[in-house]
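Trainee: Predicted coordinates and the sequence they were generated for:
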Amino acid sequence: MVGMFSSTRSDRSLVNTGAGRVVATMLASMLLLAGCGEAEGLPLPTPTTQVEKELASSDITESLPLETSLPEERPVPEEPEAMKTGDKAGAIAAAEFFVEVIEYSLGTNSRAFLSEYSYERCTNCNHMLDLIDQRIGTNFSSIITDYKIVSVGEPEFVGKGVIIWRVPIDLKIEEMLTGEEESRVTEVTLNVFVSFEADVWELTEVEPDLEGRGK
């Protein structure tokens, strides 16, 4: 693994082309819990008669619970103080923060933070950005996007000529999109790779822990 890293910014990619496609697909299943055919299951509007309109208007109280399905405003992630250092503690703080950034980005269909903090050649970061674009284009949004950090494993320094840490994080992910009747929950361990350069932490890559290295 160490040999995969170099001191140049352009060579910091951790996922090769073939593995990247596999990991991206698995990450989408675990992180995003949504497929390309999301829109196919949505009911189409049907003509409404005057009688149906009157019945609907006379039973307003039964429609009120639907308002609880609207997405809630979520706070913008803020960098923790511990992210100011380039040591192991800083790596852990950065990895946990980047999980919040992913959660916020997918929960709000917003590219800004994930794009700002991720390495330009981060394969799965770019995959998530593409999925956000897809959701926006098909008018899909998140009703529930909740990432709970269950535990953080022992970080491993994997850089060569550059500061890069692998931080394994156990997550419990719950998500529900518009058009879905119930939320889905997944438990997964992710390897979050973070790099420290010019006093700034960057999300270098994120991938499922397929080999159980975080255990």
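Mentor: Cool, got the structure. Predicted, not measured: the structure shown is a model, and the values here were computed from it.
Trainee: now the helices for this structure?
Mentor: Secondary structure of the chain by DSSP state H: the helices cover 17-27, 50-57, 60-63, 88-108, 112-117, 123-137.
Trainee: and stretch 98-105, what's its mean pLDDT?
Mentor: When pLDDT is averaged over stretch 98-105, the result is 98.
Trainee: then that stretch to CSV, C-alphas only?
Mentor: Extracted in CSV, the C-alpha atoms of stretch 98-105 (Å, rounded to 0.1, in the frame of the first residue of the first chain):
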residue,chain,number,x,y,z
PHE,A,98,-15.1,14.5,6.0
VAL,A,99,-17.8,11.9,7.0
GLU,A,100,-19.9,14.9,8.0
VAL,A,101,-19.1,16.6,4.7
ILE,A,102,-20.3,13.5,2.8
GLU,A,103,-23.4,13.3,4.9
TYR,A,104,-24.2,17.0,4.4
SER,A,105,-23.5,16.9,0.7
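Trainee: Can you tell me what sits against that stretch?
Mentor: Stretch 98-105 is contacted from outside by 31, 74, 76-77, 110-114, 117-118, 128, 132, 145-147, 149, 169, 171, 190, 192, 194, 203, 206, using Cβ atoms under 8 Å, 6 or more residues apart in numbering. C-beta here means a position set from N, CA and C on the backbone, and glycine is covered the same way.
Trainee: Which members of those are classed as buried?
Mentor: For these, a burial check counting by 16 or more other Cβ atoms under 10 Å picks out 31, 77, 113-114, 117-118, 128, 132, 145, 147, 169, 171, 190, 192, 194, 203, 206.
Trainee: Could you pick out which of the residues you listed are located in strands?
Mentor: Among these, DSSP state E puts Thr145, Tyr147, Ile169, Leu171, Leu190, Val192, Val194, Leu203, Val206 in strands.
Trainee: Next, format these as JSON lines and append pLDDT.
Mentor: Output for those, formatted as JSON lines (pLDDT from 0 to 100):
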{"residue": "Thr145", "pLDDT": "95"}
{"residue": "Tyr147", "pLDDT": "96"}
{"residue": "Ile169", "pLDDT": "98"}
{"residue": "Leu171", "pLDDT": "97"}
{"residue": "Leu190", "pLDDT": "96"}
{"residue": "Val192", "pLDDT": "98"}
{"residue": "Val194", "pLDDT": "98"}
{"residue": "Leu203", "pLDDT": "98"}
{"residue": "Val206", "pLDDT": "97"}
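Trainee: Closest to Asp87 out of these?
Mentor: Val194 (11.8 Å; Cβ to Cβ).
Trainee: mind listing what the closest one touches?
Mentor: Per Cβ under 8 Å, 6+ apart, neighbours of Val194: Ala91, Ala94, Ala95, Phe98, Ile164, Trp165, Val167, Trp201, Glu202, Leu203, Thr204.
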